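Asker: need coordinates for the following:
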Amino acid sequence: MAWLVLLAAAAFEIAFALSLKPSEGFSRLWPTVGVLVFGMISVVLLAKTLDRLPVGTAYAIWTGLGSVGVVTLGIILFNEPATPARIGCIALIVAGIVGLRLAGAE
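Answerer: Numbering: from 1, shown residues only. The predicted model follows:
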C-alpha cells in the first residue's frame, strides 16, 4: 500500500511542477493555487509512506518519478526537445528507480 501512496505522491509532484509554468511567477491566481495544493498533497502523501519505507528510498523514488514525469510531459505538452541525451538520462533515472525498488525493503 505504501508504494501506491508513493506513486500518488509522485503524480501530485508532477502536477505541482507542471503548474509552475502557467503560474507565470505566481502572478496568475488559479495556477498558483494549483502549485500550492498539489505541492502540499504531494508532500503529505510522501510523509505518509515513511512509516513503511526508508526515507532515502521513498524520497529518491518520489523525486525520480517526478523528474521523469515532468521531463516527459514537458516534451509532450511544451514541445521541449526530445534529444537522445535527454531520453538516455530519463532511462538512467528509471533504472535507478527500479533498482531502488528491487533492492529496498518494504
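
Asker: going by C-alpha atoms from here, please, whenever you check contacts or count neighbours.
Answerer: Fine.

Asker: next SSE after the longest helix seen in the chain?
Answerer: Longest helix in the chain by number of residues (criterion: DSSP state H): helix 55-78. Using DSSP states H and E, the helix or strand that follows helix 55-78 towards the C-terminus is helix 84-103.

Asker: what is that next one packed up against?
Answerer: If you count contacts as 3 or more Cα pairs under 8 Å, 6 or more residues apart in numbering; DSSP states H and E, helix 84-103 packs onto helix 55-78.

Asker: excluding its backbone neighbours, what's nearest Y59?
Answerer: L46 (7.6 Å; Cα to Cα, 6 or more residues apart in numbering).

Asker: before we move on, back to that, packing partners for the longest helix of the chain?
Answerer: Under the contact criterion of 3+ Cα pairs under 8 Å, 6+ apart, helix 55-78 touches helix 2-23, helix 29-49, helix 84-103.

Asker: what angle sits between the longest one and helix 55-78?
Answerer: So that's helix 2-23. 40 degrees (axes from the mean of the first three to the mean of the last three Cα atoms, to 10 degrees).
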